[in-house]
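Engineer: sequence and computational prediction follow.
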Amino acid sequence: MSDTELSLGVYRYEHTEPLFDGRVTIAGADVALHTSPLISDVFERMAKGELDVAEFGLTYFLRTFDLPESPFLALPIFPNRNFRHSALFVNVDSGIERPEDLAGKTVGEFALWGSDPGVWMKGVLAEEYGVTPEEVRWVIGGTDHPIPEFDWIPRPVPEGVEVRHTEGAQTLAAMLEAGEIDALLSVDVPAALLDGSTRKIRRLFVDYESVERDYFRRTGIHPMMHVVAIRRELAARPGLARSIYRAFDEAKTLVQQRYRDDARKQHMSVVTPWFSALFAENRALLGEDWWPYGLAANRRAVETFLRYHHEQGLSARRLTCAEVFVPELLDT
């Protein structure tokens with residue numbers, strides 16, 4: 001029997017699969033792994049105290065620091081990250097041709113005002129295009145399926161920002177197609193756009209890949225959406241946080257190495273044609289460790305998110321890396 005029993009929740013990504021199939025274990029711990037098709041279910045279980053360690057949306061985690069006592073600290077593990085210019089959709093009749101045209105419009109946002117992609121893109125829109133959150137009317141809901149308000153976390157909205165939730169069976173994708181909202185900021189691509197059944201919806205950044213690659217070249221930021229959080233009392237146990245960090249890093253490294261090795265055979269194990277060319281292009285741009293964990297490689301991105309979070313009224317004050325990460329891992 002190991003010293004510590006842990007309940008750990010994380011989505012079953014390819015880079016966490018080695019934790020599930022036993023190729024990687026967490027030294028010094030007996031781990032019960034939990035997952036869900038909806039990662040927000042894992043967030044909710046962590047927020048309600050049902051898990052010891054879990055993948056947690058970065059904004060969900062940071063909002064707890066305005067509680068009387070935050071129960072969590074973060075490990076510098078970022079299991080979910082994505083460039084989010086591709087997450088902005090517009091109605092073709094809305095008159096929105098450029099990001100600047102979002103000012104004065106009604107925009108849907110998936111799940112939460114100040115979702116993780118929402119924090120990133122609101123920050124980018126303000127910093128690079130001059131459109132601030134208070135210049136937009138916001139409607140929160142589900143993209144293709146109605147979702148209730150997330151009442152299990154703090155939901156601050158700063159003064160001067162207009163926010164409402166969808167009602168009943170309303171969905172943001174249907175509202176966008178009907179012109180009831182002008183744009184949509186969503187992690188989920190509207191189903192009608194994917195299946196080609198609508199001509200009313202398009203992406204704001206049509207060539208989003210070029211825009212996102214340019215963003216990385218200029219900033220060095222590959223935006224993280226989620227972090228791994230640990231309960232404070234467990235973070236105080238010597239060596240435990242570092243053991244968890246090493247396991248996640250080892251699992252991710254195994255998957256990265258598989259892609260490097262498969263390049264010699266032109267990635268015949270991958271079902272996507274021309275994948276080797278994409279892999280080479282990404283490796284040249286993002287580097288040999290294109291999905292880095294640890295604070296040193298991610299400090300600029302984390303500090304940018306912390307700044308955006310405070311500027312958007314989601315944190316009462318601007319938090320620092322030293323406050324939110326486990327002290328034992330500040331050297332990673």
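Structural biologist: That came through fine.
Engineer: would you list every one of the strands in the stretch 51-200 of the chain?
Structural biologist: 53-57, 72-75, 88-91, 106-110, 137-141, 162-165, 183-185 (DSSP state E, counting those that start in this stretch).
Engineer: so how far is the fourth one off the chain centroid?
Structural biologist: It refers to strand 106-110. How far strand 106-110 lies from its chain's middle: 17 Å, per CA atoms, centre = their mean, to the nearest Å.
Engineer: same deal with the second one?
Structural biologist: Remark: strand 72-75 is offset 16 Å from the chain centroid, using CA atoms, centre = their mean.
Engineer: returning to what we had before: go through the strands of the stretch 51-200 of the chain and name the closest to residue 21.
Structural biologist: In terms of CB to CB, the element of those nearest to residue 21 is strand 53-57, at 17.6 Å. Backbone N, C-alpha and C define where each C-beta goes, glycine included.
Engineer: related to what we said a few turns ago, just send the strands of the stretch 51-200 of the chain back as a markdown table, with distance to residue 331 and mean neighbour count too.
Structural biologist: As requested, those are arranged in a markdown table below (distance: least, CB to CB, whole Å; neighbours: other CB atoms under 10 Å):
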| stretch | distance to residue 331 | mean neighbour count |
| --- | --- | --- |
| strand 53-57 | 20 | 27 |
| strand 72-75 | 13 | 24 |
| strand 88-91 | 37 | 24 |
| strand 106-110 | 36 | 24 |
| strand 137-141 | 39 | 22 |
| strand 162-165 | 40 | 14 |
| strand 183-185 | 36 | 25 |
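Engineer: closest to residue 213 out of those strands?
Structural biologist: If we rank the strands of the stretch 51-200 of the chain by CB to CB, the stretch that ends up nearest is strand 88-91, at 16.4 Å.
Engineer: could you pull up the mean pLDDT of that closest one?
Structural biologist: On average, the pLDDT along strand 88-91 is 98.
Engineer: counting by contacts, list what that strand packs against.
Structural biologist: helix 172-178, strand 183-185, strand 201-203 (3 or more CB pairs under 8 Å, 6 or more residues apart in numbering; DSSP states H and E).
Engineer: for residue 241, find the nearest of those.
Structural biologist: strand 183-185 (33.4 Å).
Engineer: ok, which stretches of the stretch 201-332 of the chain are helices?
Structural biologist: With helices called from DSSP state H, counting those that start in this stretch, the stretch 201-332 of the chain shows them at 208-219, 232-235, 240-262, 275-286, 299-311, 321-324.
Engineer: what does the spatially most central residue of the chain show for phi and psi?
Structural biologist: Geometric centre of the chain, nearest residue: residue 225, 1.8 Å, by CA atoms, centre = their mean. Backbone torsions of residue 225, given as degrees, to the nearest 10, read phi -100, psi -40.
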